[in-house]
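Engineer: whatever this is, show me its structure:
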Amino acid sequence: MRIGLLNGGGDCPGLNAVTHGVVGAASQKGWEVYGFKQGYEGLLSPGDYKVLKVEKTEGILKLGGTILGSSNKGNFTSKVGEGGIREIPKQLMEEAIETLNQLAIEALICVGGDGSLSTAQQFFEAGFPVVGVPKTIDNDLGATAMTFGFDSACHSVVDALDRLQTTAESHKRVMVLEVMGRHAGWIALYGGIGGGACSILIPEIPFELEKVAETIRQRDEDGFFHSLVVVAEGAAPVGGTQRYEKTKEDGESRLGGMGDEVAEQLAALTGKETRCTTLGHLQRGGSPTSLDRVLGTRFGVKAVKLIEEKRFGRMVSYQQYHVGSVPIEEAVRELNLVDPEGEVVESAKAVGICFGN
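Structural biologist: From the prediction side, this is the model:
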């Protein structure tokens with residue numbers, strides 16, 4: 001059997017672990033794996049691909065990025081805003097499927113986030129056998145408790161906060177750290193708790209900066225003259241709107257800038273010297289954590305298993321420590337957002353972390 005593999009959307013740690021899992025499991029069955037370069041763009045005639053053998057994927061488990069490349073723009077962009085889906089032109093779909101047929105590809109594994117998996121669903125509806133693998137540092141895909149790449153991103157946030165804490169303490173400053181996550185606050189929440197932030201601002205909980213300022217003043221009274229504040233890029237104040245640093249002509253606009261706004265206002269409210277650091281793409285790079293290496297490998301193996309069982313149109317899913325599967329259509333139906341009343345938020349509040357509400 002000959003199967004295809006591609007990575008769509010933004011890069012993240014653990015993509016090579018999935019490739020490692022797919023190639024390893026497929027080779028045990030005597031199957032061939034064709035890896036398409038730069039995501040769905042590699043499917044355009046005559047096809048841009050490489051044949052992946054075990055000897056070519058030896059040692060990639062620990063590498064960040066992806067040996068196949070990826071793309072979150074171009075002909076196959078299907079995500080056009082929060083919840084918005086663009087239908088891929090029929091002629092484009094037919095050309096890609098014809099490429100797959102000419103290469104005798106019998107099934108395609110699509111690794112990606114909500115946008116890339118929305119495209120995978122369209123391939124399935126067009127009649128091509130597809131299996132999805134959830135990938136996003138934002139952890140915002142429905143129907144799976146965790147996506148690979150998320151843990152590595154959180155590790156980057158914790159490392160940044162550890163470093164900011166020492167300089168904040170030295171100068172008695174307030175340090176604001178803006179992190180990724182789009183419309184979900186998972187990275188800010190987990191990274192903020194792990195890094196010892198005194199305040200975490202997330203999209204799911206509209207904030208009042210006076211509440212954050214009160215927390216900082218109280219820390220001063222208690223003898224802690226420095227504070228760490230984590231701001232998710234999609235956070236917004238009560239009655240306010242999210243900040244966008246750039247609007248794309250096609251696709252989702254780019255969130256950013258709320259960290260600077262929060263820092264400026266906190267400086268005015270507290271009178272304390274305040275600095276903002278935007279972590280940006282540092283959260284996407286570097287080697288994956290051991291958790292993401294293991295999870296990515298398990299996801300890759302499960303994708304091959306789904307093909308073997310001919311259970312197409314499904315996405316690999318992680319629930320209660322078990323790797324199973326759900327329909328792709330179900331997975332991309334709605335975003336996985338932080339529950340403002342959930343146990344993780346309540347635990348953070350119990351140790352004194354302020355959410356600005």
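Engineer: do a quick rundown of the helices in the chain.
Structural biologist: For the chain, applying DSSP state H gives helices covering 15-28, 54-57, 90-102, 114-125, 150-171, 186-194, 209-221, 258-270, 290-308, 328-331, 343-350.
Engineer: make TSV out of these and add mean neighbour count, distance to residue 315 and mean pLDDT.
Structural biologist: Yep, even glycine has a C-beta here, placed from its N, CA and C like the rest. Formatted as TSV, those follow (neighbours: other CB atoms under 10 Å; distance: least, CB to CB, whole Å; pLDDT from 0 to 100):
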stretch	mean neighbour count	distance to residue 315	mean pLDDT
helix 15-28	24	13	96
helix 54-57	14	22	90
helix 90-102	15	19	94
helix 114-125	24	6	92
helix 150-171	19	16	96
helix 186-194	25	18	98
helix 209-221	17	38	96
helix 258-270	19	31	96
helix 290-308	22	9	97
helix 328-331	20	5	90
helix 343-350	13	24	97
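Engineer: save those as CSV, and put in distance to residue 280 too.
Structural biologist: Shown next, in CSV, are those (distance: least, CB to CB, whole Å):
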stretch, distance to residue 280
helix 15-28, 19
helix 54-57, 29
helix 90-102, 32
helix 114-125, 20
helix 150-171, 10
helix 186-194, 12
helix 209-221, 22
helix 258-270, 10
helix 290-308, 19
helix 328-331, 27
helix 343-350, 24
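Engineer: of those helices, which is nearest residue 283?
Structural biologist: Of all the helices of the chain, helix 150-171 sits nearest to residue 283, with 4.3 Å by CB to CB.
Engineer: that older thread, quick one: closest of the helices of the chain to residue 6.
Structural biologist: Closest among these, using CB to CB: helix 114-125, at 8.6 Å.
Engineer: now do the contacts for residue 225.
Structural biologist: Each residue near residue 225 by CB atoms under 8 Å, 6 or more residues apart in numbering is listed here: 169, 172, 219.
Engineer: return the member of these nearest to residue 242.
Structural biologist: residue 219 (27.5 Å).
Engineer: name the nearest residue to the closest one, ignoring sequence neighbours.
Structural biologist: Spatial nearest neighbour of residue 219, excluding adjacent residues (CB to CB, 6 or more residues apart in numbering): residue 227 at 5.6 Å.
Engineer: what residues are bridge-paired with the one you found?
Structural biologist: In this entry, residue 227 is beta-bridged to residue 174, by DSSP bridges.
Engineer: surely it is in contact with residue 177?
Structural biologist: No: with contact defined as CB atoms under 8 Å, residue 227 does not count as touching residue 177 (11.3 Å).
Engineer: quick one: which of those two has more around it?
Structural biologist: When residue 227 and residue 177 are compared for neighbours, residue 227 comes out ahead with 29 against 26, by other CB atoms under 10 Å.
Engineer: tell me how far that one lies from residue 260.
Structural biologist: For residue 227, the distance to residue 260 (CB to CB, to the nearest Å) stands at 17 Å.
Engineer: residue 45: how many residues sit nearby?
Structural biologist: Residue 45 has 10 neighbours, counted by other CB under 10 Å.
Engineer: got the contact list for residue 107?
Structural biologist: Contacts of residue 107 (CB under 8 Å, 6+ apart): 1, 3, 4, 129, 130, 131, 307, 312.
Engineer: what sits opposite the fifth one in the beta ladder?
Structural biologist: Read that as residue 130. Counting by DSSP bridges, the residues bridging with residue 130 are residue 108.
Engineer: quick check: it vs residue 158, distance?
Structural biologist: Relative to residue 158, residue 130 is positioned 36 Å away (CB to CB).
Engineer: okay, now residue 335: neighbour count?
Structural biologist: Residue 335 has 16 neighbours, counted by other CB under 10 Å.
Engineer: thought it was touching residue 143?
Structural biologist: No: with contacts counted by CB under 8 Å, residue 335 stays clear of residue 143, the gap being 10.9 Å.
Engineer: from residue 228, how far out is the residue of the chain positioned farthest from its centre?
Structural biologist: The C-alpha centroid of the chain is most remote from residue 221, which lies 38.4 Å away (CA atoms, centre = their mean). To residue 228, residue 221 is 17 Å away according to CB to CB.
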